[in-house]
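In: Sequence first, then the predicted structure, then my questions.
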2 protein chains.
Amino acid sequence: MEEDVFKALADPTRRRILDELVERDGQTLFEICARLVTKHGLELSRQGISQHLAVLESADLVRSRRQGRYKFHDLNTEPLEHIVTRWLKRDTGGTS
Amino acid sequence: MEEDVFKALADPTRRRILDELVERDGQTLFEICARLVTKHGLELSRQGISQHLAVLESADLVRSRRQGRYKFHDLNTEPLEHIVTRWLKRDTGGTS
DNA sequence: TTGATAGGCAAGTGACGACTTGCGTATGGT
DNA sequence: ACCATACGCAAGTCGTCACTTGCCTATCAA
């Protein structure tokens, strides 16, 4: 649902997670935890981030593949590409 | 702030308001009220919409100009154009 | 099997957001 | 002056969201 995409993007921590994934795809939950703490100074529990990932998954912004005891998370930018053009009907090529 | 833009877009009613303004710019509060009720069947008080407009204004998605006792609201799509490209680093023009 | 790692589920708390209600202010018409 | 229109402010309610805590499951290594 498009609704879920906007809600998913509303939280700054989730946007940070997307930042992390666009930089390195296929990270596990613990990797994302570690990098959010060290790089951005976020103090957040593992479950907090896990729940954020669940929200991102339900918005189809993140897809996960399970491999043994690891779960890798991949970014999916496809839902992002059309949500904004909805209001950008103004022709960007018009040279008036 | 970019933060405000995402928060502003998180609410479906506010997105409807943007839909209204992209269709006809420069509407007053009462016009927006009427059209949201009649076209989308939303039952919402005037203040509800007024508060939504305030949120949209603080996100610079809507700009208002006062004229007598009327206040006209104009859509400003400029904040929308760069918020998503943040995660779209994948070259869209690459013909590999 | 034991123990450590990677992750999930569920309940509870605290705060923020959406919405309403009531009253107040300014502008325009007559 | 009067009244109606167009809008603003402030408090209060109610639900949802972000986050934590505690416990449980599954996979791998020794």
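Out: Structure's in. What do you need? Numbers count the residues shown, from 1 in each chain, chains lettered A, B, ... in the order given.
In: could you list every residue that touches the residue nearest to the spatial centre of chain A?
Out: What sits nearest the mean C-alpha location of chain A, by C-alpha atoms, centre = their mean, is A:Leu18, with 3.5 Å. When contacts are counted by C-beta atoms under 8 Å, 6 or more residues apart in numbering or on different chains, A:Leu18 touches A:Leu56, A:Leu61, A:Val62, A:Leu75, B:Trp87. Glycine gets a C-beta too; all of them are placed from N, C-alpha and C.
In: what do you get if the cut-off is 6 Å, keeping everything else the same?
Out: Counting by C-beta atoms under 6 Å, 6 or more residues apart in numbering or on different chains, A:Leu18 makes contact with B:Trp87.
In: what about it, distance to DNA strand C?
Out: Separation of A:Leu18 from DNA strand C (C-beta to the nearest atom of the strand, to the nearest Å) stands at 17 Å.
In: buried sites along the helix or strand hosting that residue?
Out: Assessed by DSSP states H and E, A:Leu18 sits inside helix A:12-23. Going by neighbour count (16 or more other C-beta atoms under 10 Å in any protein chain shown), the buried part of helix A:12-23 is A:Arg14, A:Arg15, A:Arg16, A:Ile17, A:Leu18, A:Asp19, A:Glu20, A:Leu21.
In: Could you dump these into a markdown table with pLDDT added?
Out: As requested, the buried residues of helix A:12-23 are arranged in a markdown table below (pLDDT from 0 to 100):
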| residue | pLDDT |
| --- | --- |
| A:Arg14 | 98 |
| A:Arg15 | 97 |
| A:Arg16 | 97 |
| A:Ile17 | 97 |
| A:Leu18 | 97 |
| A:Asp19 | 96 |
| A:Glu20 | 96 |
| A:Leu21 | 97 |
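In: Would you check which of those are in contact with DNA strand D?
Out: A:Arg14 (C-beta under 7 Å from any atom of the strand).
In: Excluding residues flanking it in the chain, which one is nearest A:Leu88?
Out: Of all residues not flanking A:Leu88 in the chain, B:Thr77 sits nearest, at 5.6 Å (C-beta to C-beta, 6 or more residues apart in numbering or on different chains).
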